[in-house]
Structures are given as structure tokens and as C-alpha cells.
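[1] Sequence and predicted model, in that order:
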Amino acid sequence: MTSLGPAWPERAAWGTATSLRAWQTAAMADYFARSPKDYLAVATPGAGKTTFALSVAAELLGRRIVDRITIVAPTEHLKRQWAEAAARAGIPVDPTYAAGKGKTSKDYVGIAVTYAGVAVNPLAMRIRTDNFKTLVILDEVHHAGDALSWGEGVREAFQPATRRLGLTGTPFRSDVNPIPFVTYDPGDDGVPRSRADFTYGYEHALADHVVRPVLFMAYSGEMQWRTRAGDEIAARLGEPLTNDLNAQALRTALDPAGAWMPAVLAAADKRLSEVRRHVPDAGGLVIATDQDSARAYAALLKKIAREAPVVVLSDEKLASSKISKFADSDARWMVAVRMVSEGVDVPRLAVGVYATTTSTPLFFAQAVGRFVRARNRGETASVFLPSVPTLLGFAAELERQRDHVLGRRIESDEDLMDAEAALLARAEAGEGASDDLADGRGSFEALGSQARFDQVLFDGATFGHEGEVHVGSEEEMDFLGIPGLLEPDQVRALLHQRQASRRPVAADEGGAEQVTAYEQLAVLRRELNGLVAAWHHRTGQPHGVTHAELRKECGGPAAAVATAAQLRDRIDRLREMAARRTS
């Protein structure tokens, strides 16, 4: 991977000149200095990968290095979005082309297709690629590894290409099947890892004001549900639980019939109102698990916001037009299942609710990427999420760059249908959320839920009031009411100020303010669990192993029954470990 190089040559007449950001100029300089057949650019969502790729395309066309362009995108909506962006750059692209079609109008210089479309007839695509000097742009190239047929189709169809440009902005999935046309180098542990030619991460984009800073608003609360065996369980969302119990608690929280979702949606709507005081057209997005949940959340939002939200269901015929219409409006809310998972450009989105049981690094990064596109300096994004260790860990590790790691061999397309893929497939079919996420075996019944404000994650730090914070309270509004137009350092200072300004009051005989032992222990356990989750996502070490090592080094029983002093020792020890690893 290289950084800023010499200025790239003067643009030819093809296409319209576009003002490039510093990273795009640097990537252009590197690309044309090396002129490689294959090039992989990794840039954080919202950084402007499309503009970079079309600038490369215009220059290659102008120099007559290529005379045709093929753009491969994950979805039908995105290929049309690419065609619209290309048209603005003066490059006519046909988004209706099908592999069996053979020819397209001579008015077009390029075509836009999906990965699935390539897999249907890779030979036809290969013939077209071979007949012209072709630049292939592989948008979100990690999708070429989503199924063996997709990867094999991409390899067969585009092997004869003159140039291939891979783009991605999200962490790769881990498996042993290499993504076509991506270079792999041996890692320190001997495991091959993908090598990008140019990387522009979230941390750098934030410093350049290319993306917005993100406030993660985490909500916990009490959950009750009934398992398949008929057992009724009560647990607190975010407390130390087994993986199965965490999944069940999360599923209970997201049940639209409970009290948790209405409370969190109401809090998110309050936050959106605050943001719209400074950014009048700011919009919100709820990401749901399935179509039934999406419709139910929309009904709740209509009552809360007194305005019917836009509902976008997976692969419905009007999905693309609905998203485009919402993007150009000043409507408050949109509720969607999958159409906004990546690449969809709605710059005015400023508030999000992560209301899905899908909890993988890939999907989380894609979802958060919908809110970080910067328009004006000072705009911030706010994402509301359940206070579960996995998601808190993802939020804490937002700035981490992930490579594609070759690990377990995938022998067939069926092997690749992991929990996330299976869930999304069912969601697209309009079915309910996967019962497997409930108790690992079958039926599940949510009995009730209550929401509590837990904490705010920002810039790698956590902020929150000690003890229980009820929704609708002044303590919650301390954070929901943060102005929607602030620089990152101002947000950080304000969070510190508001955290320090309020503490739960329990007067002792001398009138001093105290925090009850229960409240203190609850806060310390949540902080420790969040740090352990972040350590897991940084190192891959299982949560239980980390807790065991901390107990061994610091002494004391399990976290659930440890004293405040013992918990503080473990928190300090883990922070020391994280600091040493970073340095």
C-alpha cells in the first residue's frame, strides 16, 4: 500500500472534471504511477469510492487504455446508482444490460451488472470483456466471496479484462476461498491476508472531515421470555450472559410488542428533533431484522413522530425509487430491512436505530456506514443500539481496519450460508426472524421488556450516568439533547461535562452525595464487559478466556459476584493491556 505520490497527469477530454478530495488525488497519483492490471482500493463508507473509480475510468478512457467499462455491484439498486453517478461524470452506462443480451446501444460506453447476474452467464460476460479493452470496476469486491458461484463467475467473466479496479469499504468475511483478483500476503501468523493497494480508513477520514463522528447510544433494560422448554427467564440486557441467553435477550428487546423498542424509537425521534434544529433536513433510519418487524416499527414511529415513515422492503419493485425519493425529501424516518446495508447513498441520514439480530462485523460496518457521510463540518451521526457485548465491541472498534483472512475452507455454497446469510435470506423472503437466534432449537416467546439508557460510546470512550437511568428522564436528555452541529472535540468536551454534572443522589448523614453499591457494581460490570468485548474484537480472544486471565492476574471471583475494588483492578489491567498493544 502506498500513500501520496506525484500529481497524476492532466485529464483528457473524456468525462467531466470533478473536484477530488486529498485521498482521491493521492490514490489517483498512485494508480497512474504504477498502472497495474489489478488494483484494490479500501476506503471507509462515505469517503467517495465512486468518485475515485469514475475518475480513474474517465482517465483510462481519455488515454484510450480502455474503450469500455463494466461495473459490477451487489444489488439492482446500486447498479442504477452507479449509472446515475457515471452519467454525471459524462460516462454513459447501461444499468439494464443482461448477460444474455449480447449488445447494448452504441450510446453507452459501459454497462452495470450485479454479481448474481454475472454468475448466471459468466461466459457471455467473458466474450464481451474479450471483445473490448475493458475496465472492470468491482464494487464492494468482498461480495465476490459471498458464494463460490459468484467468485468463480467473476473470475471466468473478467479474466481477459485490460484493467480491474476493486473497491470495498467494509471488513471482509473470513474464509479460505480467495476473492478473485485480490492479492494475498502471508501474515505474521502464516495465515494469508488480503493486501490493499491504497487504504483510507475511518480514522483518517474523520480527521479530514470527510466523514461524521458517530455517537453510539446504547440502551439496556430488563427482559423476560419463555424458551422452547417452557422455562420463563428474566435477565438484564448487557449483563454477563451466555451466547444463547444474549441472543434471546436481544430478540426480546427487538420485539415490537414489548416496551423496549417503543422507548428506544421515542428516544431516537427526540434525538432526531434535536439534530433537525441545526440540520433541518436530517433524516433517520431504522434497520430491521425482517419485513414483519419493519412494518411494526413503522406503525410505532407513526404514533411517535406523528408522521408515517417510508418503509423499504427487500427487493420490492419500488424500493429504489422509494429510497431516492426519501433521499431528496425532508421526511423524518425510513424503515428498511436490507436495501440500505451498503452503498446506498442518502447523505442526510443522521440518526439510526440498529434493530436487527444480525450481529457480524461486516453487517455492522455496512449499517453504520449509512450515517457517516459528511456534508458540512460539525454534523454528527447518532446510532441507537442494544447494549449487548458484541455490538458494543463493534462500536468501540469502528476505526479498526480488517483484511480478508483465509481460514476455514469453504467447500460449497451451502457451507457459506452462515447465520447472517440465512437470516437475510429469510428476511428477503418476508419471513420472521430466525428461531435459531432465539434459543438455538426452535420456538421462542417474548414476554416483556423495559428500556434503560445505558451509555454513550464516542471516540473509543464510554460516557453515562452511574446507576439506572430511566427513559424520558433529565439524565437521558443530557445526552439526547447534544447539539447536532458540533466539532468532534466539542462533542467530547460536552460529554465529559454532562457526565460529571449529574450523579444519582443518596444523601448520607453529612449530606454528601453517594452512589448505592448496586448501582456502582452495575456500572463497573458494564464497563468491564464492554472492554472485554472490545478486546475480543481486537485480538480474537474469547470473552471467557479474557475474564479468566483477569481473575488469575487480579484475583477474586467471577465478575457477577466480584467487589467494586476487584472490578476496578480488572478494568485498569485491561486498559493497560490495550494501551501496550496500541503502542
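    That came through fine. Numbers count the residues shown, from 1 in each chain.
[2] Residue ranges in the stretch 451-583 of the chain under the pLDDT threshold?
    Across the stretch 451-583 of the chain, the ranges flagged by pLDDT under 70 are 465-468, 499-519, 537, 581-583.
[3] Run the chain-centre distance for stretch 223-242.
    Chain-centre distance of stretch 223-242: 27 Å, with Cα atoms, centre = their mean, to the nearest Å.
[4] now stretch 155-174
    21 Å.
[5] What about L245, how many residues nearby?
    L245 has 17 neighbours, counted by other Cβ atoms under 10 Å. C-betas here are computed from N, CA, C, even on glycine.
[6] where's it, which helix or strand?
    Taking DSSP states H and E as the criterion, L245 maps to helix 243-253.
[7] Need the contact partners of that helix.
    The set of residues external to helix 243-253 that reach it, using Cβ atoms under 8 Å, 6 or more residues apart in numbering, is 221, 223-225, 227, 233, 235-237, 241, 258, 260-261, 357, 359, 386, 388-390, 433, 437-440, 444, 446-449, 451.
[8] same check, this time on stretch 38-45
    For stretch 38-45, the external contacting residues (Cβ under 8 Å, 6+ apart) are 23, 27, 31, 49, 52-53, 141, 163-170, 181-183, 194-202, 205, 210-211, 342, 365-366, 368-370, 372-373, 401.
[9] Please verify my assumption that W535 contacts H547.
    No. Between W535 and H547 there is no contact under Cβ atoms under 8 Å: 10.2 Å.
[10] okay, the two: which has more neighbours?
    Set W535 next to H547 and count neighbours by other Cβ under 10 Å: W535 wins out with 23 against 18.
[11] same question for the helix holding L245, mean pLDDT?
    Regarding helix 243-253, the rounded mean pLDDT is 89.
[12] May I see the buried residues of it?
    Neighbour-count burial for helix 243-253, counted by 16 or more other Cβ atoms under 10 Å, picks out L245, N246, A247, Q248, A249, L250, R251, T252, A253.
[13] Over to stretch 75-92?
    Here stretch 75-92 shows 75-83, 85-86, 89-92 as buried, counting by 16+ other Cβ under 10 Å.
[14] can you check stretch 566-577 too?
    Q566, L567, R568, D569, R570, I571, L574, M577.
[15] Nearest to F463 among these?
    I571 (15.3 Å; Cβ to Cβ).
[16] Secondary structure element holding the residue nearest the centre of the chain?
    Closest to where the C-alpha atoms of the chain average out (Cα atoms, centre = their mean) is A365, at 2.1 Å. Using DSSP H and E, A365 falls within helix 361-368.
[17] For the helix or strand just after that helix, name the packing helices and strands.
    Once helix 361-368 ends, the next helix or strand along the chain (criterion: DSSP H and E) is strand 381-386. For strand 381-386, the packing partners by 3 or more Cβ pairs under 8 Å, 6 or more residues apart in numbering; DSSP states H and E come out as strand 214-226, helix 260-278, strand 349-355, helix 361-368, helix 389-396.
[18] and among those, the most buried is which?
    strand 349-355 (a mean of 26; mean count of other Cβ atoms under 10 Å).
[19] Quick one: the helices in the stretch 451-583 of the chain, in order.
    For the stretch 451-583 of the chain, applying DSSP state H, counting those that start in this stretch gives helices covering 474-480, 488-501, 517-539, 543-554, 564-582.
[20] Kindly reformat those as JSON lines containing distance to K133.
    Formatted as JSON lines, those follow (distance: least, Cβ to Cβ, whole Å):
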{"stretch": "helix 474-480", "distance to K133": "55"}
{"stretch": "helix 488-501", "distance to K133": "45"}
{"stretch": "helix 517-539", "distance to K133": "43"}
{"stretch": "helix 543-554", "distance to K133": "52"}
{"stretch": "helix 564-582", "distance to K133": "46"}
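[21] Break this structure down into its structural domains.
    For the chain, automatic domain parsing gives the domain ranges 22-207, 214-480, 514-582.
[22] Now render these as JSON lines, adding distance to L486.
    Below are these laid out as JSON lines (distance: least, Cβ to Cβ, whole Å):
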{"stretch": "domain 22-207", "distance to L486": "14"}
{"stretch": "domain 214-480", "distance to L486": "6"}
{"stretch": "domain 514-582", "distance to L486": "24"}
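[23] now the helices for the stretch 101-250 of the chain?
    For the stretch 101-250 of the chain, the helices defined by DSSP H, counting those that start in this stretch cover 115-120, 122-131, 148-158, 202-207, 243-253.
[24] which residues touch the first one?
    Applying Cβ under 8 Å, 6+ apart, the contact partners of helix 115-120 are 72-74, 98-99, 125, 143-144, 146-147, 149-150, 152-154, 157.
[25] What about these, which one has the most neighbours?
    V72 (30 neighbours).
[26] now that one, what's its secondary structure?
    Secondary structure for V72, judged by DSSP: H, G, I helix; E, B strand; the rest coil, is strand.
[27] Equivalent analysis for A308, please.
    Under three-state DSSP, A308 falls in the coil class.
[28] Just the pLDDT for it.
    pLDDT, A308: 95.
[29] Pull the contacting residues for it.
    A308 makes contact with A298, K302, according to Cβ under 8 Å, 6+ apart.
[30] Separate out the buried members of the contacts of stretch 38-45.
    23, 27, 31, 49, 52-53, 141, 163-170, 181-183, 194, 196-202, 205, 210-211, 342, 365-366, 368-370, 372-373.
[31] Please flag which of those sit within strands.
    R163, R164, L165, G166, L167, T168, T183, S194, F198, T199, Y200 (DSSP state E).
[32] Give the bridge partners for the second one, please.
    Okay, so that is R164. Counting by DSSP bridges, R164 is bridged to D38, V136.
[33] Was I right to think it contacts L138?
    Yes. In this structure R164 lies within contact range of L138 using Cβ under 8 Å: 6.6 Å.
[34] Now the common contact residues for those two.
    Counting by Cβ under 8 Å, 6+ apart, the residues touching both R164 and L138 are F158, F181.
[35] just to revisit the earlier point, from the buried residues of helix 243-253, which two are the most distant?
    L245 and A253 (12.5 Å).
[36] Of the contacts of helix 243-253, grab the buried ones for ChimeraX.
    Buried residues among these (16+ other Cβ under 10 Å), as a ChimeraX selection:
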select :221,223,224,225,227,233,235,236,237,241,258,260,261,357,359,386,388,389,390,433,437,438,439,444,446,449,451
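[37] Switch the helices and strands packed on strand 381-386 over to a markdown table; also include mean pLDDT and distance to R63.
    A markdown table is the format used below for these (pLDDT from 0 to 100; distance: least, Cβ to Cβ, whole Å):
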| stretch | mean pLDDT | distance to R63 |
| --- | --- | --- |
| strand 214-226 | 92 | 40 |
| helix 260-278 | 95 | 45 |
| strand 349-355 | 95 | 37 |
| helix 361-368 | 81 | 34 |
| helix 389-396 | 85 | 42 |
